[in-house]
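Colleague: fold the following, please.
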Amino acid sequence: MRMIGSSCIFPVPNIKKTAAYYADRLGFSAVEYLNCKEPHICLYLDNVEIILLQACTDRVLPNRELYGYGYDAYLYTDSQEVLEREFASGGVRIVRPLSETDYRNREFVIEDIDGRWLAFGLKQPAECVANRREE
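Modeller: From the prediction side, this is the model:
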């Protein structure tokens, strides 16, 4: 037995508005399942899926507010530079520009329409990290 994937689940105050933001600004495609017993919208981009649920509140409390730190999702990509440029040119708020973390990930962080922080990054191979420190 092995796991083959995962999905982020985001309760949101306005499911259609959030879905439109992810489609228009981040390039996700949206598939609505609003007439189901548990209404939701699935967002897809490459191998990533985010599931939006209609929240019973008008405000999202992101991890950094609830717990003092932390992203709300970490999405792995080897195209950080390209994505960061695309997102910035589309008006997405970049809260942390592309950089290397002390845990050897190269990443940037955006804030979505609901205030969640999503990181886009990838673990750097040890030899790549060593080479950068020598420069």
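Colleague: show me the helices in the chain, by range?
Modeller: Counting by DSSP state H, one finds helices in the chain at the ranges 15-26, 63-67, 80-89, 126-134.
Colleague: elements contacting the first one?
Modeller: Just to be clear, that refers to helix 15-26. Packing partners of helix 15-26 (3 or more C-beta pairs under 8 Å, 6 or more residues apart in numbering; DSSP states H and E): strand 29-33, strand 40-45, strand 48-54. Backbone N, C-alpha and C define where each C-beta goes, glycine included.
Colleague: keeping just the C-alphas, turn the second one into CSV.
Modeller: Going back to what we said before, that points to strand 40-45. Provided in CSV are the C-alpha atoms of strand 40-45 (Å, rounded to 0.1, in the frame of the first residue of the first chain):
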residue,chain,number,x,y,z
HIS,A,40,-17.9,22.0,-3.2
ILE,A,41,-15.7,23.2,-6.0
CYS,A,42,-12.5,21.4,-7.0
LEU,A,43,-9.6,23.5,-8.3
TYR,A,44,-7.0,21.8,-10.6
LEU,A,45,-3.6,22.9,-11.8
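Colleague: and the angle from that strand to helix 15-26?
Modeller: With axes from the mean of the first three to the mean of the last three C-alpha atoms, to 10 degrees applied, the angle from strand 40-45 to helix 15-26 works out at 0 degrees.
Colleague: next one: the last one
Modeller: Counting by the same axes, to 10 degrees, strand 48-54 lies at 150 degrees to helix 15-26.
Colleague: nearest to the spatial middle of the protein, which residue is it?
Modeller: For the chain, residue 118 is the residue whose C-alpha lies nearest the centre (C-alpha atoms, centre = their mean; 3.5 Å).
Colleague: any idea what it is bridged to?
Modeller: For residue 118, the beta-bridge partners are residue 73, residue 110 (DSSP bridges).
Colleague: which residues does it contact?
Modeller: By C-beta atoms under 8 Å, 6 or more residues apart in numbering, the residues touching residue 118 are 71-75, 109-112.
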